[in-house]
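Peer 1: Sequence and computational prediction follow.
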Amino acid sequence: MNKIFKHRILTGIALAGALFLSSACTDEWDDHYSDQGVNSTQTLLDVIKAESDLSDFHEVLEACGVADSLLNQSRVYTLWAPVNGSFNKDSLLNKVDDGARDTVLVRFIEAHIANFLYPANGPVEEPIRLLNDKVVDFVGNTGSYTFDAIPVDASFSNIRLRNGILHKIEKPVTYLPNIWEYLSLESGIDSLCKFLYSFDRREFNEFGSIVGPTVNGEVTYIDSAFTNSNMWFSCHEGQSRDAGGFGEIAAEDSSYVFFAITNDVWNEMVPKVDAFYNYSEKISSLDTAYVDSMRHMNARKVLCNYLVYSEKSQRGIHPDSMLPTFAYTPGQFLDSKKVALAASGIKIVRNIFAKADLMNGVTKTVKLSNGTLHVKNNFNFSPYDLWFDGIKIEGEHETTDYLVSDVASMVALINDMDTISRKKKIDVYDEEGNYVETVDSVYAKYALSKGAVMRNAGYLEAMPLQAASRPKMTFKIPGTLSAGKYRIGVVVVPAYATNAYISDSDLKPSKIRAQLYTRSGESGAKTLIYDTSAKKTWLGLQNDPTRLDTLYLYDVELDAQNDYDHTLRVPRTFSFDFCEYGLTNVKDIQTELILTCDLQKRNDDANFERTLRIDCVFLEPIYDENDTEDGE
């Protein structure tokens, strides 16, 4: 097979591993760039060969193997050719000989050629997109023009040829890399680069390539197109953090701010993050190698997610703050300093970062073709700032994958609670406990009771089918991490959600047994780690029936006489041995909370009700400074 080179695709790693450019050519495309109205029979290549002061440029063209296929065809180009003596020809030829041909092609040859015709006639002020996708300015007026601020030779410009226009310029264009290209050029950040470059993919694009002659029975290509991609770029702005990428930092038509953390910071942070992604080797649907790769991927991914900031995404944000590109979704701002994110299907609220905090530790700033890169020697954010998120399972929105109801119960989804009102008026408070207004409906958007807000107009109800039945709900909890601490709460809905006219004297609390299972121990087996009925001293979870009530899984403390005092209930802090973040097979999720009506005696019905009404179950991260210092 003939050795045919591809235009516009960089395969050498001397520059930046891989450039994400592509080229396609069809008959229709060729017609678009062709000009049949020119009388000259000479091509760009013919003139370059004939001009003695362009011989160096021609020699580099030939060395790259693109002189004929690029400048002797019917496609129309404009070429700004640097004259002899303005660049080091021998250095470029040596790079080609050393295997960096693609680097020379992209950084030198394609930096002087553009599709379409750009004459130097009259007033000109054009941003020119070159073959290497860089954009430079072609400006001036009659008799005086510049290309990327380089003077155009007035005595040799506007040379109209069969396949384009030729201008001579005094010196070559200075190649300005984009952020992706520059990463491999900066010393001291190769740990970060190695991880990001590991997602490179390059595939031959047969339909976008120009077929050449058949040689020895094999098809050759005059112009071979390749599609390069990187999973890290593939996530569009606004997708959840589970989707992968964080911004098109190889694109020349975008503008980003990138914080590149040094090897020392990377090596310090990765073990700390690893502790949060400790997967069990006993996950039934996954082999050990895949489990290891999940830990490797997720621990590094969460670091990288917060390194890229699209300038477009900063619109509407407080001027002193910045929002990571991966987190941007139009319309999701709660205010100018908070943003709602989606993590593992759970909506959370995250602070937007202060620019001062982001810039803290910056030791070097580099202006590049598509933005700015800052080298940063610290990572001054805690897990609670970044990846250690709360988890919430809404009762009314959960599918049977995550919620299982006992066969002795009947489950009803109540989704139109705004139409139900309470006779007496109630006070409404915001999330900080400030009075807002007094309304008739207990289902007002901001109704607050002991810190619980019923944000959605719906809940899950389980009613007994028989008089002695004890309804039970099992909530599978996805997305738990293996380090840090959680408090676990249940939001219980009062009876007047379904009966607005029930009298106060008929309101009865629920008595709920809570059992928490998760993977535990060296084997990672499903284990019961909490049970409100495990000790006689515990009374289960009991709600206030007159309001929307939040109940935390609790511990009971001893009083002064070393007796259990049920008035001293302290929300218990939970940590998990294993991470279940990102598990897509519901059967693999072993963390689950079982809520059961805990009425054991006949006279219990006089004081408690058997129906369970659950708005949601949530896991609330508990900040602990020690966790951020040692990674445990």
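Peer 2: That came through fine.
Peer 1: measure Ile594 to Phe57 for me?
Peer 2: Separation of Ile594 from Phe57 (CB to CB, to the nearest Å): 76 Å. For every residue, glycine as well, the C-beta is placed using N, CA and C.
Peer 1: Show the pLDDT at Val139.
Peer 2: We have a pLDDT of 96 for Val139.
Peer 1: From the chain's centroid, how far away is the longest helix seen in the chain?
Peer 2: Assignment by DSSP state H gives helix 288-304 as the longest helix of the chain. Between the centre of helix 288-304 and the centre of its host chain there is 15 Å, according to CA atoms, centre = their mean, to the nearest Å.
Peer 1: Equivalent analysis for stretch 108-120, please.
Peer 2: 36 Å.
Peer 1: What of stretch 601-620?
Peer 2: In terms of CA atoms, centre = their mean, the centre of stretch 601-620 is set 40 Å apart from its chain centre.
Peer 1: isn't Ile488 right next to Val617, touching?
Peer 2: Yes - in this structure, Ile488 is within contact of Val617 by CB atoms under 8 Å, at 7.3 Å.
Peer 1: how far away is the residue lying closest to Met231 once chain neighbours are set aside from Asp604?
Peer 2: Nearest residue to Met231, sequence neighbours excluded (CB to CB, 6 or more residues apart in numbering): Phe199, at 4.3 Å. For Phe199, the distance to Asp604 (CB to CB) stands at 58 Å.
Peer 1: Same question for Ala111.
Peer 2: Taking CB to CB, one finds Ala111 at 82 Å from Asp604.
Peer 1: So between those two, which is more surrounded?
Peer 2: Set Ala111 next to Asp604 and count neighbours by other CB atoms under 10 Å: Ala111 wins out with 22 against 15.
Peer 1: which non-adjacent residue is nearest that one?
Peer 2: Excluding the flanking residues, the one nearest Ala111 by CB to CB, 6+ apart is Val173, at 4.7 Å.
Peer 1: Make sure Glu620 is indeed in a helix.
Peer 2: No - counting by DSSP: H, G, I helix; E, B strand; the rest coil, one finds Glu620 to be strand, located in no helix.
Peer 1: Let me see the contact set for the closest residue to it other than its chain neighbours.
Peer 2: The shortest distance from Glu620 to any non-neighbouring residue, by CB to CB, 6+ apart, is to Arg487 (4.6 Å). Shown in contact with Arg487 (CB atoms under 8 Å, 6 or more residues apart in numbering): 552-553, 571-574, 619-620, 622.
Peer 1: go with 10 Å
Peer 2: Contacts for Arg487 (CB atoms under 10 Å, 6 or more residues apart in numbering) come out as 390, 552-554, 571-574, 618-622.
Peer 1: Same check on Gly521?
Peer 2: Neighbour list for Gly521: 280, 527, 577-578 [criterion: CB under 10 Å, 6+ apart].
Peer 1: which among the residues you listed gets closest to Tyr517?
Peer 2: Nearest to Tyr517 among the contacts of Gly521 is Thr527, at 6.6 Å by CB to CB.
Peer 1: Check what pLDDT the closest one gets.
Peer 2: 93.
Peer 1: same check, this time on the one 4 residues further on
Peer 2: If you check Asp531, the pLDDT there is 90.
Peer 1: Could you pick out the longest strand of this protein?
Peer 2: For the chain, the longest strand by residue count, based on DSSP state E, is strand 200-215.
Peer 1: elements contacting that one?
Peer 2: For strand 200-215, the packing partners by 3 or more CB pairs under 10 Å, 6 or more residues apart in numbering; DSSP states H and E come out as helix 27-33, strand 218-230.
Peer 1: show me where the stretch 251-400 of the chain has strands.
Peer 2: With DSSP state E, counting those that start in this stretch, the ranges of strands along the stretch 251-400 of the chain come out as 256-261, 308-310, 321-322, 333-335, 338-343, 346-351, 353-354, 362-368, 371-376, 391-394.
Peer 1: Centre of the chain to the longest one, how far?
Peer 2: Read that as strand 362-368. Centroid separation for strand 362-368 versus its chain: 23 Å, with CA atoms, centre = their mean.
Peer 1: Pull up the pairing partners for that strand, direction included.
Peer 2: If you go by DSSP bridges, strand 362-368 pairs up with strand 371-376 (antiparallel).
Peer 1: got the angle for the strand it pairs with vs strand 256-261?
Peer 2: Calculated by axes from the mean of the first three to the mean of the last three CA atoms, to 10 degrees, strand 371-376 forms an angle of 20 degrees with strand 256-261.
Peer 1: Need the contact partners of strand 371-376.
Peer 2: When contacts are defined by CB under 10 Å, 6+ apart, strand 371-376 is touched by residues 177-179, 182-183, 186-189, 247, 249, 254-262, 265, 307-311, 358-367.
Peer 1: same thing but 7 Å
Peer 2: Residues from elsewhere that reach strand 371-376 (CB atoms under 7 Å, 6 or more residues apart in numbering): 179, 182, 186, 189, 255-262, 361-366.
Peer 1: and what of stretch 82-98?
Peer 2: 53-57, 59-60, 63-64, 103-104, 108, 112, 168-172.
Peer 1: Give me the buried entries from the residues you listed.
Peer 2: Buried members of the contacts of stretch 82-98, scored by 16 or more other CB atoms under 10 Å, are 54, 56-57, 59-60, 63-64, 103-104, 108, 112, 168-169, 172.
Peer 1: Could I get the contacting residues of the nearest residue to Met322 once chain neighbours are set aside?
Peer 2: Excluding the flanking residues, the one nearest Met322 by CB to CB, 6+ apart is Tyr309, at 5.0 Å. By CB under 7 Å, 6+ apart, Tyr309 lies in contact with 256-257, 322-325.
Peer 1: Good, wrapping up.
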